[in-house]
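Asker: Here you go, sequence then predicted model.
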Amino acid sequence: MSQKLKVAIIGAGRIGYVHAGSVNDNPNLELVYVVDPFEESAKKVTADFGGKVASDPVAVINSGEIDAVIIGSPTPTHVPLLREAINAGVHALCEKPIDLDIKNVDELRPLVNSAKTNVTIGFNRRQDPQFKAVKRKVEAGEIGTIEQVILTSRDPGPAPQGYIAVSGGIFRDMTIHDFDMARNFVPNIVEVSAFGANSFCDYIKEENDFDNISVVMKGSNNEIITIVNSRHSSYGYDQRIEVFGDKGMLQINNLGHSTVELYNSQSTRAGEPYMDFFLERYAASYRNELKLFVDGIQQGKVLGSTYDDGRAALILADAAHESARSGKSVKVNLN
């Protein structure tokens, strides 16, 4: 690329900071603005990675000074900011979920489909080196036809109550990553059955949400996908996947800070706890996600997760929420 793409980041929280680091590491990008209504937060990002501080995202998008925007602001801002970016001819990488209401997602869909700009949704786990390796082996036919997928995601501890209150619930906030990963292997899911429980966190229960869930889904070719989530894990960030086919099985286990294992009279294979923060565990995936976004801009097509991928994940999240509340399985149409 002969000239660097000029980028603005909207939202100076944890995700915004990670994206700023990824922009800084990419030789094809220049961070021009960090936008946040709390300018002190934005100043912390620009102090480390450069760029100017701003508080009005709409003004920045329409300034003519940027080529692309990374939207990491609160979920209710995503659809309005995507609309602004498309209308301004600015490429957009938007964090998940697109919105908490599928009606808003569907209303924007025709504009996205007709856009001449790149609209990518931030499902970073697809770009994790471990998960990508499994995907390559599946596509190469090494395990034959997929019959089962098992996804395990457990956080080290629950998010603060203020976050839980506006997150849209565990299915739309946490499990949505697993719904997207499920579709990475089984794109056409037709039925969802979910169960939720309150096992340990009183304030999550106060917010009428679950801290412990499981989901079983069926694909159109009779594949069975199982998801297990918890908002806490005493041994660190638990991220595993198993893909089972008629010719074999593929597994990904957790990543630790070290591969050193202790063997003695009390234990064997005793190791350090797993990585305890998602931004650490998935640092490489965020860099890869951003690179795909830039490559897609250059090639004139979306190479990462599409708007329809984001829409499908939200449909599955809504179905899981309905199933967990009603006690009945829910049929879905992702088209």
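Answerer: That came in fine, so what should we check first?

Asker: What residues sit buried inside the helix or strand containing residue 316?
Answerer: Assigned by DSSP states H and E, residue 316 belongs to helix 307-326. Neighbour-count burial for helix 307-326 flags 307-324 (criterion: 16 or more other C-beta atoms under 10 Å). Heads up, the C-betas are built off the backbone N, CA and C, glycines and all.

Asker: elements contacting the helix or strand that it is followed by?
Answerer: Next in sequence after helix 307-326, counting helices and strands by DSSP H and E, comes strand 330-331. Using 3 or more C-beta pairs under 8 Å, 6 or more residues apart in numbering; DSSP states H and E, the elements in contact with strand 330-331 are strand 189-197, helix 307-326.

Asker: which other residues reach strand 330-331?
Answerer: 190, 191, 192, 193, 319, 320, 322, 323 (C-beta atoms under 8 Å, 6 or more residues apart in numbering).

Asker: Could you rerun that using 7 Å?
Answerer: For strand 330-331, contacts defined as C-beta atoms under 7 Å, 6 or more residues apart in numbering pick out 190, 191, 192, 319, 322, 323.

Asker: Pull the most distant pair out of the residues you listed.
Answerer: 190 and 322 (15.0 Å; C-beta to C-beta).

Asker: Dump the helices and strands packed on strand 330-331 to TSV, plus mean pLDDT and distance to residue 211.
Answerer: Formatted as TSV, the helices and strands packed on strand 330-331 follow (pLDDT from 0 to 100; distance: least, C-beta to C-beta, whole Å):
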stretch	mean pLDDT	distance to residue 211
strand 189-197	98	7
helix 307-326	98	12
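
Asker: export the ones you listed to a markdown table and tack on distance to residue 80?
Answerer: What follows is the helices and strands packed on strand 330-331, written out as a markdown table (distance: least, C-beta to C-beta, whole Å):
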| stretch | distance to residue 80 |
| --- | --- |
| strand 189-197 | 29 |
| helix 307-326 | 15 |
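
Asker: Relative to residue 59, tell me which of those wins on proximity.
Answerer: Taking the helices and strands packed on strand 330-331 one by one with C-beta to C-beta, helix 307-326 is closest: 24.5 Å.

Asker: wait, what's in contact with residue 311?
Answerer: 98, 105, 109.

Asker: Return the distance of it relative to residue 71.
Answerer: 16 Å (C-beta to C-beta, to the nearest Å).

Asker: what's the answer for residue 39, then?
Answerer: Taken as C-beta to C-beta, the span from residue 39 to residue 71 is 18 Å.

Asker: Look at these two and report which has more neighbours.
Answerer: residue 71 (30 against 15; other C-beta atoms under 10 Å).

Asker: what domains does the record give for this structure?
Answerer: 5-117, 126-283+313-331 (automatic domain parsing).

Asker: Buried deepest among these, which one?
Answerer: Mean neighbour count (mean count of other C-beta atoms under 10 Å) peaks for domain 5-117 among these, with a mean of 19.

Asker: any idea how far it is from the chain center?
Answerer: 16 Å (C-alpha atoms, centre = their mean, to the nearest Å).

Asker: Centroid-nearest residue for the protein?
Answerer: residue 123 (3.4 Å; C-alpha atoms, centre = their mean).

Asker: hang on, that residue packs against residue 305?
Answerer: Yes. Applying C-beta atoms under 7 Å as the test, residue 123 and residue 305 come out as touching, 4.1 Å apart.

Asker: quick one, helices of the stretch 101-250 of the chain?
Answerer: Assigned by DSSP state H, counting those that start in this stretch, the helices in the stretch 101-250 of the chain fall at 102-114, 129-139, 161-166, 170-173, 175-185, 202-206.
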